[in-house]
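*Asks:* Provide a 3D model corresponding to the input given below.
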Amino acid sequence: MTATIDTDTAWAAFARRDRAFDGRFVVAVHSTHIYCKPSCAARRPRRENVAFLPDAAAARAAGYRACRRCLPDSVARDRAAVIRAAQALADADAPVPLAALAAMAGYAPHHFHRLFRRLTGVTPAALARTHRADRALVALQRAYSVTAAIYDAGYAAPSRFYDDVARFGMTAQAIASGGAGETIRWTIAAAPPGALLCAATARGWCRFAFEDAAALRATFPAATILPGDRSLSARAGALLAAAAADDADASLPEAVRRAALRTRLHDAATSVG
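*Replies:* Here you go, the predicted structure:
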């Protein structure tokens, strides 16, 4: 049994066939010598006939064989494929088509899209936008002009660049000048992957990042940076609650979970307006 879940929690997840727990443990059935995912669709055995083991390797070492119905060994393969794809999106200098990500993982595109969305809570395209916007921010800070930043960040069209830059709550020119003329208020919120800084300008949210106020000042050195009030904290809490509805699988690497959460927050902020 892992350190993050007890047997009562594991049994409850198994009883309700909770897919969110797939990959966190496997269920070993003494009477059949089979191990399953928590979400397996098969009829539930009696509780006294099951044990909860950390992973498939532990189950096989104990003499159990994989369920042919739920294919528990596929969980590790699915997670590894999503991790590789998420890293490819983080490293890419140009858009990576879904078909290319799926081929890299050895899945059909439509199946991989569903798998990626289920494990991360976001689509590959949405996560790619977050990484692209991060590159746009860096490019604006370094380039001698906005036009140069567009191409330095790997954008094929200015329209997509400006769409992504809109998430920073200020114009591209303001970003390039270090936030000159902008007032940014911030708050720190508790999030599953760590303490999250949420910052906003008069236009709206401008930054969701796992950093502190000093890092925010370094990003926008010419802006006026002030602590937010209770209203800002409440707004940040509401956004986090909305984003938590599609939380990433807790077994994914922290970097993937953080990028996915930032993506969901930006999407939630856009939908709220």
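*Asks:* from now on I want contacts and neighbour counts done on CA atoms only, so please keep to that.
*Replies:* Fine.
*Asks:* the residue lying closest to residue 99 once chain neighbours are set aside: neighbour count?
*Replies:* In space, and not counting its chain neighbours, residue 99 is closest to residue 109: 5.4 Å by Cα to Cα, 6 or more residues apart in numbering. Each residue near residue 109 was counted by other Cα atoms under 10 Å, and the total is 17.
*Asks:* next: residue 190.
*Replies:* Here the count is done by other Cα under 10 Å, and residue 190 has 12 residues near it.
*Asks:* swap in residue 33?
*Replies:* Neighbour count of residue 33, defined by other Cα under 10 Å: 16.
*Asks:* for it, what are phi and psi?
*Replies:* Dihedral angles of residue 33 (phi, psi; degrees, to the nearest 10) stand at phi 60, psi 40.
*Asks:* look up how far residue 127 lies from it.
*Replies:* Distance, residue 33 to residue 127, using Cα to Cα, to the nearest Å: 40 Å.
*Asks:* just residue 136 next, same as before
*Replies:* 14 Å.
*Asks:* can you spell out which helices and strands pack onto the helix or strand containing residue 256?
*Replies:* For residue 256, the enclosing helix or strand under DSSP states H and E is helix 254-272. Helix 254-272 is packed against helix 74-91, helix 109-120, helix 124-142, strand 205-209, helix 230-243, with contacts defined by 3 or more Cα pairs under 8 Å, 6 or more residues apart in numbering; DSSP states H and E.
*Asks:* list of residues touching it?
*Replies:* Taking contacts as Cα atoms under 8 Å, 6 or more residues apart in numbering, the residues outside helix 254-272 that touch it are 83, 86-87, 120-122, 126-127, 130, 167, 193, 205, 208-210, 239-240, 242-243, 247-250.
*Asks:* which of those count as buried?
*Replies:* The neighbour count (16 or more other Cα atoms under 10 Å) marks 83, 86, 120-122, 126-127, 130, 167, 193, 205, 208-210, 239-240, 242-243, 247-250 as buried among the contacts of helix 254-272.
*Asks:* hang on, the earlier thing: residue 8: which of the helices and strands packed on helix 254-272 is closest?
*Replies:* Distances from residue 8 to each of the helices and strands packed on helix 254-272 were compared using Cα to Cα; the shortest belongs to helix 74-91, at 22.2 Å.
*Asks:* tell me which helix or strand comes right after that closest one.
*Replies:* Sequence order places helix 98-105 as the next helix or strand after helix 74-91, per DSSP H and E.
*Asks:* summarise which helices and strands that following helix is packed against.
*Replies:* Packing contacts for helix 98-105, counted by 3+ Cα pairs under 8 Å, 6+ apart, involve helix 74-91, helix 109-120.
*Asks:* just to revisit the earlier point, any idea which of the helices and strands packed on helix 254-272 is most buried?
*Replies:* Burial among the helices and strands packed on helix 254-272, expressed as mean neighbours by mean count of other Cα atoms under 10 Å, is greatest for strand 205-209, which shows a mean of 22.
*Asks:* perfect, I'm done here.
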